[in-house]
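In: When you get a sec, could you give me coordinates for this:
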Amino acid sequence: MSQTDPFGPYPILLFDGVCNLCNAFVQFVIRHDPEAVFRFTPLQSEIGQELSAKAGFPVNELSTVILYYRGRFYTHSDVALEVVRRLPGIWSMLYGFVIIPKFLRDAIYNWVARNRYRWFGKRESCMMPTPDVKRRFL
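Out: Just a heads-up that it's a prediction; the model follows:
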């Protein structure tokens, strides 16, 4: 007997809702996901904190985006790779970067993550989705 995932059948991207770089990544995914496969929630939201805790992350630690899909959690550089893997067209070819050793990919990811507020800025509050994409936010 299979159990239904309480978070649904869609990949869920958890992101730092006040980070400009993270918000730009979400906007990129929305623009390049015509089938509306992905769902989104800020790490600061109730669902974001619940999933973060389920993944074993402190609910107030915002050092990585998280992708939750079918009971699995992806973090750091694996998130970007898993996202492009599921996008249509040429974007899925970027998954080829999986051949770069994870420790190198994650070192670059962590360097950008540490500097993201300084380089890209920070919002005062989480973004408010437009009405046409609001249904994709949890």
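In: what about the protein, any weak spots by pLDDT?
Out: Along the chain, segments meeting pLDDT under 70 span 1-4, 6, 59, 61, 125-127.
In: the helices in it, which residues?
Out: With DSSP state H as the criterion, the chain has helices at 20-31, 46-55, 77-86, 102-120.
In: can you state the direction angle for the first one and helix 102-120?
Out: Think helix 20-31. If you take axes from the mean of the first three to the mean of the last three C-alpha atoms, to 10 degrees, helix 20-31 sits at 110 degrees to helix 102-120.
In: returning to what we had before: just say which of the helices of the chain is most tucked in.
Out: Mean neighbours per residue, mean count of other C-beta atoms under 10 Å, is largest over the helices of the chain for helix 77-86, with a mean of 20. The way it works is simple: take the backbone N, C-alpha and C, and place the C-beta from them, glycine included.
In: Now do stretch 122-138: everything it contacts.
Out: Outside stretch 122-138, the residues that touch it by C-beta atoms under 8 Å, 6 or more residues apart in numbering are 7, 12, 17-20, 23, 26, 30, 36, 38-42, 44-45, 47.
In: From the opening residue of it to its closing one, how far?
Out: 22 Å (C-alpha to C-alpha, to the nearest Å).
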